[in-house]
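S.K.: Here is a sequence together with a model predicted from it:
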Amino acid sequence: MDIRQTLLKEPQREQGGKLAVERFEYQAAWGLSRILQLYKSGADFGVAFEFHDDVLELDSISNPTKITFFQVKTQKSGTWTLSSISASSGAKLKKTTVKRGDAPPAKKLSFAAKMYDNYKRFPNHTERLVFVTNQMCSDLAAGHDEAKFDTAAAAKIESFRKRLKEQDPNFQDEHSKLFHFCCSTMNLASFSDTIMGAVQKFVIEQTGMTETSTYAFALMLLEECRQRERMDVDFSGFAQMSESFVTRKLIDDRLEDFKRKRAEAVEWSGIAPYITNIVRRRDIGAGWKLYVNDRRSRYGPGPQRFRKAVKDVVANHITGARDLMLEVDAALPEVRPLADLWDKSVSDDYLRAVILYEFHDV
């Protein structure tokens, strides 16, 4: 069966990770760093968030043959061990709820057992099961490259295998070779700054553009990952399912769009002559400079809705039937309420500049 059909057919184990906000943000940042790594390698790929695991990676989006599952966990201090990754904890119940004669509380699957469950559901396609975290594992060599669990001391890996067999009788010794450990370079306290810097460097490498507007592209890519974590996709077919994947084509399209928008920026010099009042030209020109700078540094659902809504309003007012500024002033009362999506404190001349910019940005 095609790997894509298998992904559609097999039900997801859980979706509880969507509730953990702090891990959710770190997960998006780490997933984006992985996407940048894959893109720069030249490989085809498809990366999904909260689909069968925290991060799921296909070796190709058009003709996938292998899946890598990443489970992302963070902790503020300490180190991991193969024991802590494979430990099965008892259900947390109050003593008063356990009565004499009751069955012992069910044990929760360990992180490793949940990872192994992915292999059981996709045995023919699973390439690796990777535990990603912000702290080192004391049982494995220090560093930020992926380390195989099997490289741990013999006693450690044997104990790991024993615990997995206790939790899942299907586990075989050879299955431990699937498990990898990855200590991320992103610190829990500063991962946001780290990923933003990495994306800005990526944009400069890919486009040659060094202006501060690369920050907007970084925000956009991070938002792409966040949206896919929150996405409630119809998995009735692969075309629908693929909408939840970040792919090489998506990154290519975003880079091209980024370059195009900066190459086709609307110039104030082409509009200013149509404003005959020198004072109004000066004041709206100042608003124009501010908006151009703001536009390059803001990205997300709110700013996108703002720009689209302004364009829709302006189309009904600027028709060339009368003086340009009369038409701009007629549109202003409808644009003012939209400023809540952008910055409700901006001046009327700033919004007049917005109206003129968005009208000419075709």
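M.R.: Yes, it's here.

S.K.: Tell me where the model's unsure across the protein.
M.R.: 1, 4-5, 7-24, 90-107, 210-213, 230-241, 264, 297, 299-301 (pLDDT under 70).

S.K.: Now do the helix or strand harbouring Arg254: which elements does it pack against?
M.R.: If you go by DSSP states H and E, Arg254 is part of helix 248-263. Counting contacts by 3 or more CB pairs under 8 Å, 6 or more residues apart in numbering; DSSP states H and E, helix 248-263 packs against helix 21-41, helix 191-207, helix 214-230. Yep, even glycine has a C-beta here, placed from its N, CA and C like the rest.

S.K.: In the longest one, which residues are buried?
M.R.: Translated: helix 21-41. 23-36, 38-39 (16 or more other CB atoms under 10 Å).

S.K.: what's the closest of those residues to Asp340?
M.R.: Glu25 (24.9 Å; CB to CB).

S.K.: Do you have the helices of the stretch 251-362 of the chain handy? List them.
M.R.: 278-297, 301-315, 324-335, 348-360 (DSSP state H, counting those that start in this stretch).

S.K.: elements contacting the longest one?
M.R.: Where contact means 3+ CB pairs under 8 Å, 6+ apart, helix 278-297 is packed against helix 214-230, helix 348-360.

S.K.: So which of the ones you listed is the most surrounded?
M.R.: With neighbours taken as mean count of other CB atoms under 10 Å, the helices and strands packed on helix 278-297 reach their highest mean count in helix 348-360, at a mean of 22.

S.K.: With only the CA atoms kept, save it in PDB.
M.R.: What follows is helix 348-360 as a C-alpha-only set of coordinates in PDB (Å, rounded to 0.1, in the frame of the first residue of the first chain):
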ATOM      1  CA  ASP A 348      -5.400  59.500   9.700                       C
ATOM      2  CA  ASP A 349      -2.500  60.500   7.400                       C
ATOM      3  CA  TYR A 350      -0.900  57.100   8.100                       C
ATOM      4  CA  LEU A 351      -4.100  55.400   7.100                       C
ATOM      5  CA  ARG A 352      -4.300  57.600   4.000                       C
ATOM      6  CA  ALA A 353      -0.800  56.400   3.100                       C
ATOM      7  CA  VAL A 354      -2.100  52.800   3.700                       C
ATOM      8  CA  ILE A 355      -5.000  53.400   1.300                       C
ATOM      9  CA  LEU A 356      -2.700  54.700  -1.400                       C
ATOM     10  CA  TYR A 357      -0.100  52.000  -1.000                       C
ATOM     11  CA  GLU A 358      -2.600  49.100  -1.000                       C
ATOM     12  CA  PHE A 359      -4.400  50.600  -4.000                       C
ATOM     13  CA  HIS A 360      -1.200  50.600  -6.000                       C
END
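
S.K.: Which other helices and strands does it contact?
M.R.: Against helix 348-360 (3+ CB pairs under 8 Å, 6+ apart) you get helix 278-297, helix 301-315, helix 324-335.

S.K.: Okay, buried residues for the first one please.
M.R.: Looking back up the chat, that one is helix 278-297. Arg281, Asp283, Ile284, Gly285, Gly287, Trp288, Leu290, Tyr291, Val292, Asp294, Arg295, Arg296.

S.K.: Could I get the full set of strands for the stretch 101-250 of the chain?
M.R.: Taking DSSP state E, counting those that start in this stretch as the test, the strands found in the stretch 101-250 of the chain are 126-133, 147-148, 179-183, 245-247.

S.K.: In JSON lines: those strands, plus distance to His52.
M.R.: Shown next, in JSON lines, are the strands of the stretch 101-250 of the chain (distance: least, CB to CB, whole Å):
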{"stretch": "strand 126-133", "distance to His52": "11"}
{"stretch": "strand 147-148", "distance to His52": "22"}
{"stretch": "strand 179-183", "distance to His52": "17"}
{"stretch": "strand 245-247", "distance to His52": "12"}
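
S.K.: Just send the ones you listed back as CSV, with mean neighbour count and distance to Leu82 too.
M.R.: Output for the strands of the stretch 101-250 of the chain, formatted as CSV (neighbours: other CB atoms under 10 Å; distance: least, CB to CB, whole Å):
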stretch, mean neighbour count, distance to Leu82
strand 126-133, 21, 10
strand 147-148, 18, 11
strand 179-183, 22, 9
strand 245-247, 23, 31
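
S.K.: Can you tell me which of the ones you listed is nearest to Leu56?
M.R.: Nearest of the strands of the stretch 101-250 of the chain (CB to CB): strand 245-247, 8.6 Å.

S.K.: In the sheet, which strands lie alongside the closest one, parallel or antiparallel?
M.R.: Strand partners for strand 245-247, identified by DSSP bridges, are recorded as strand 46-49 (antiparallel).

S.K.: Return the set of buried residues in the partner strand.
M.R.: Within strand 46-49, the residues that count as buried by 16+ other CB under 10 Å are Gly46, Val47, Ala48, Phe49.
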